[in-house]
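Peer 1: this is a predicted model, with the sequence first.
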Amino acid sequence: MMDTHLSMPKRGKRKFKKGIVSGPWIVFRKTVQYLALAIFIALFVWSRQDGGPAAVINIPMRMDPLLILGHLAASRTLLAGSALALIVILLTVVFGRAWCGWLCPVGTILDIFPLKRWRKKGSSPAEGWRRVKFDLVIVIFAAALLGNLTLLFFDPLALLLRTLTVSVWPALDRIVTAVESILVNVPVLEGPLSTFDGLFRPGILPLQPVFYRDGLLFAVIFLGVILLDLLAARFWCRYLCPLGGALGWLSKAAIFRRSVGAECKGCTLCTDICPTGTINPAKDYASDPTECTMCLDCLEACPRGQTRFVPVFSAQKWTTYNPDRREALLAIGATVASIALLNSNGPAKRQSPFLIRPPGVRETNPDVVDFTKCTRCNECIRVCPTGGLQPAVFEVGLAALGSPILAPRLGYCDYSCNACGQVCPVQAIPPLDLEKKRLQVIGLAYINENRCIPWSDHQPCQVCEEMCPLPQKAIQLEDAEVWGPDGQTVSVKLPHVLREICIGCGICEYKCPVSGEAAIRVYMPKVDVPF
Amino acid sequence: MGKLTRRDFLKAAAAGAGAMTLSAFLEACGKVLPTSIPAADTQAPTTGQPTKSALSQPSSISTEGLPSATDGVPAPTGTAVPIPDIAMTRGGEPEALVRKAIEALGGIGAFMPAGANVVVKPNMCVAYHTYEYAATTNPWVVGTLVKMCFEAGAASVKVMDHPFGGTGPEAYKISGIEEQVKAAGGEMVNMISYHYVDTVLPSGVFLKKTKIYDEVLNADVLINVPIAKNHDSSVLTLGMKNLMGTVFIRETLHNNLHQSIADLNSLLKPQLTIIDAVRIMTTGGPTGGKLSYVQQKDTVIASRDVVAADSLATSLFGMKPEDLKYITIGTAMGLGRSDLQNLNIQVIDLNA
């Protein structure tokens, strides 16, 4: 490879300023990018109980072909709303990976972070690593056909939504609340603060804090995606992103592609500016449409106007880093073996008794361990007003990674809420009306009599009974005479759970005043052991 | 925008930290949280043991059990009739019930000076059911109160509660209270976590320190508007129990619930308590959810004395004040009176 620095002196003269290219196309693209990111975040904010209509706030997820095709392969059901994915598919067939360069919110976030100054020349991995994203696509679709969607965990939209929900927003809320709780002491600021709260709560930030177990973990994962840019621009998009891989494959047949004119003098400006590093000086500055994000930086950078984007009607040839037949078969074989091993994991099949799914899931989707319909988009977790729904990490087995579980100690299933089922873009949580949702048995409460205050300490409590939202009360109190601490009889009210009535909403576990693990817990006693 | 150097940033950060530290001092000189809210100018004793004058004015009606509609107590006319300790209105629309009851106590102006900032505390404990289920205060009772406050020249009327089931905004909407309050020009306040301030209860026996909502503590006038209903922990939830909605963490209080309720009432002294008994829940409380639990009583009880109001309200359930431990404790602590036979109770029958 020739030393590209030799031809650099012209830099800064015309369109370059510190290596940043400008021009009308760039202004246009950046405007679209920021607008798309703003819309994504606005829809995220609007996704809450009593927020925007599900048909609107779901649009990004239903436009994502990886999620939708994955869901289609795994569930073998076609949902009308999934037709939105055709927009992105069509866009890709015409303009290649324009989604990645123009619309994807993760791509835009990577563009915004100014890591360029610390990036060293030549630190990017070998070209062959680009195959990771293609292999990931093969694995995802092979697994989806076998009824497993675990790896959709790495879909960029799901990754971003999860991080915003579980990490960014709670942290933001903590910081704002901390500042507010200091400022509220300053007498003159009371008025402005309540105006601020009126504008931002509960519309943007929650009234009461919600808690997530793994906020730090998901923040670190997303930070990792960003920091990989220290090695190469758009590292995630180049090497890892499964959505980018899927769209890249589709881009093999894209109509508009980059071509270089005969007048090219080999100044390498385009090679240097290309965010995905796909312009190859060794091949007459040609680029690979599976890698090109159609950002048009090269179009604006070319001093001689030799870079063009023109319609081409032929499929792009296979490149060295596109998986060949052998590699694809290997990937499929590895997927089959992995799924088989996951499914031969006896304890996982037995299910954790504390695997509590959102309302209505168990009834419609008995094979809840694999959770075959869930695309891991985490919209349900976002809209849950109590923070009871949490993304599973390893609590209920590797296969359920990123799927929603109810953690009643952190938040309960609100008797007056059915938001999760309404918002789910693929009906993995059934969209039940409130009356039906109130009848769903998501678990059963049991009392740990060794920890329960009336049972073990003979002190009055009965919080669980008071909180039970059912009109007929699934927790009943027994008037009992028990032995007190000094050998005398004491009258106490002992709580009992009526199993025929309990729906497992978990408000009893959430409100139980016993510290640490609650004295009343929701679990799933009915376990179908398949062997 | 000029470039922010590291030095500039550190300076700004130091200034910010300094301001945060200073804010504690600012708080100290800026405001003092009242340990008890002074009652508005009153003609009748609000707390303490019965005075001689009160004792020397025997009640004009029988208070054994529920006063029946045939008692036919005439409404006070002119100024000759003393202001009663408790006013009870029956048989009418919620708005008329509230207006007549407050009128009997000397009008809303007796409880609040013009320009007062008023906090109204209804019971909106869950976001589960509409008002027909009597789990939450009747929306028209609350709406009428808000209207009356503005008629008496209130500067602001804020209505709030902290539900234990569902979120505040949902409860406000489902209970129907938001609609009536907004129509009357009042404001629904979403109770936000950082507004709860550590508060010492000097007279507290069990509950000595807890977090209470600052706007409730700082209000010029606090109006307590509970619904009368069954409650499985406290037997009945009425005025004294309703104030628990202003406390941040309530679950741990159940260990000594009745004393906690009395302790809280030793700090929070609503100028006026209006017990909504338009529809009462006789069993299955506090959450309810069946119309068979509900009885229509078309009754409102009003008093300056929350203990007295609660004491009379027990009769709606065929009970006596002594049946509620928090009333007994509250009376012993001198928070109010529960000796119904000695209280001046005025019953107004709107249908008569």
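Peer 2: All right, it came through fine.

Peer 1: surely B:Met281 and B:Ser292 touch.
Peer 2: No: the pair B:Met281 and B:Ser292 fails to qualify as a contact (C-beta atoms under 8 Å) at a distance of 10.3 Å. Any C-beta I mention is one placed from the backbone N, CA and C, and that applies to glycine too.

Peer 1: which one's more surrounded, those two?
Peer 2: More crowded of B:Met281 and B:Ser292, by other C-beta atoms under 10 Å in any protein chain shown: B:Met281, with 26 against 9.

Peer 1: give the bridge partners for the more buried one, please.
Peer 2: Counting by DSSP bridges, B:Met281 is bridged to B:Lys229, B:Val294.

Peer 1: distance check, the closest residue to chain B within the stretch 401-531 of chain A against A:Gly443.
Peer 2: Chain B sits closest to A:Pro471 of the stretch 401-531 of chain A, with a gap of 3.0 Å, by C-beta to the nearest C-beta. To A:Gly443, A:Pro471 is 19 Å away according to C-beta to C-beta, to the nearest Å.

Peer 1: which one's more surrounded, these two?
Peer 2: Neighbour totals were compared for A:Pro471 and A:Gly443, and A:Gly443 leads with 26 against 18 (other C-beta under 10 Å).

Peer 1: separation between that one and A:Trp99?
Peer 2: Counting by C-beta to C-beta, the gap from A:Gly443 to A:Trp99 is 40 Å.

Peer 1: report the central residue of chain B.
Peer 2: When C-alpha atoms, centre = their mean is applied to chain B, the residue found nearest the centroid is B:Asn224 (1.6 Å).

Peer 1: most proximal residue of chain B with respect to chain A?
Peer 2: For chain B, C-beta to the nearest C-beta, closest residue to chain A: B:Gly289, 3.0 Å.

Peer 1: quick one: residues contacting that residue.
Peer 2: For B:Gly289, the residues meeting the contact criterion (C-beta atoms under 8 Å, 6 or more residues apart in numbering or on different chains) are A:Pro469, A:Leu470, A:Pro471, B:Tyr128, B:His129, B:Tyr133, B:Ala135.

Peer 1: any idea which helix or strand carries the nearest residue to the first one once chain neighbours are set aside?
Peer 2: With sequence-adjacent residues excluded and distances taken as C-beta to C-beta, 6 or more residues apart in numbering or on different chains, A:Pro469 is closest to A:Tyr415, at 3.7 Å. In this structure, A:Tyr415 sits in neither a helix nor a strand according to DSSP states H and E.

Peer 1: I'd say A:Tyr415 and A:Gln440 touch.
Peer 2: No: using C-beta under 8 Å, A:Tyr415 is not in contact with A:Gln440; the gap is 11.2 Å.

Peer 1: stretch A:32-44: how far from the chain's middle?
Peer 2: Averaging C-alpha positions (C-alpha atoms, centre = their mean, to the nearest Å) puts stretch A:32-44 16 Å from its chain's average.

Peer 1: for that stretch, buried residues please.
Peer 2: Across stretch A:32-44, burial judged by 16 or more other C-beta atoms under 10 Å in any protein chain shown covers A:Gln33, A:Ala36, A:Leu37, A:Phe40, A:Leu43, A:Phe44.

Peer 1: just the strands in the stretch 251-352 of chain B please.
Peer 2: Along the stretch 251-352 of chain B, the segments classed as strands by DSSP state E, counting those that start in this stretch run B:272-281, B:294-303, B:345-349.

Peer 1: out of the ones you listed, which one sits most buried?
Peer 2: Using mean count of other C-beta atoms under 10 Å in any protein chain shown, the stretch among the strands of the stretch 251-352 of chain B with the greatest mean number of neighbours is strand B:272-281 (a mean of 27).

Peer 1: please export the C-alpha coordinates of that strand as PDB.
Peer 2: This file holds the C-alpha atoms of strand B:272-281, laid out as PDB (Å, rounded to 0.1, in the frame of the first residue of the first chain):
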ATOM      1  CA  LEU B 272     -61.200  21.600  57.900                       C
ATOM      2  CA  THR B 273     -62.100  18.000  57.500                       C
ATOM      3  CA  ILE B 274     -64.900  17.000  55.100                       C
ATOM      4  CA  ILE B 275     -65.800  13.400  55.200                       C
ATOM      5  CA  ASP B 276     -67.400  12.200  52.000                       C
ATOM      6  CA  ALA B 277     -70.000   9.600  52.800                       C
ATOM      7  CA  VAL B 278     -72.000  10.100  49.600                       C
ATOM      8  CA  ARG B 279     -71.100   6.500  48.800                       C
ATOM      9  CA  ILE B 280     -69.400   4.400  51.500                       C
ATOM     10  CA  MET B 281     -67.600   1.100  51.100                       C
END
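
Peer 1: for that strand, give the mean pLDDT please.
Peer 2: For strand B:272-281, mean pLDDT rounds to 97.

Peer 1: now do stretch B:333-345
Peer 2: 95.

Peer 1: stretch A:278-285 now?
Peer 2: Mean predicted lDDT for stretch A:278-285 stands at 91.

Peer 1: quote the end-to-end distance of it.
Peer 2: 9 Å (C-alpha to C-alpha, to the nearest Å).

Peer 1: thinking again about what came up before, which one (most neighbours) among the contacts of B:Gly289?
Peer 2: Among the contacts of B:Gly289, the one with the most neighbours (other C-beta under 10 Å) is B:Ala135, at 30 neighbours.
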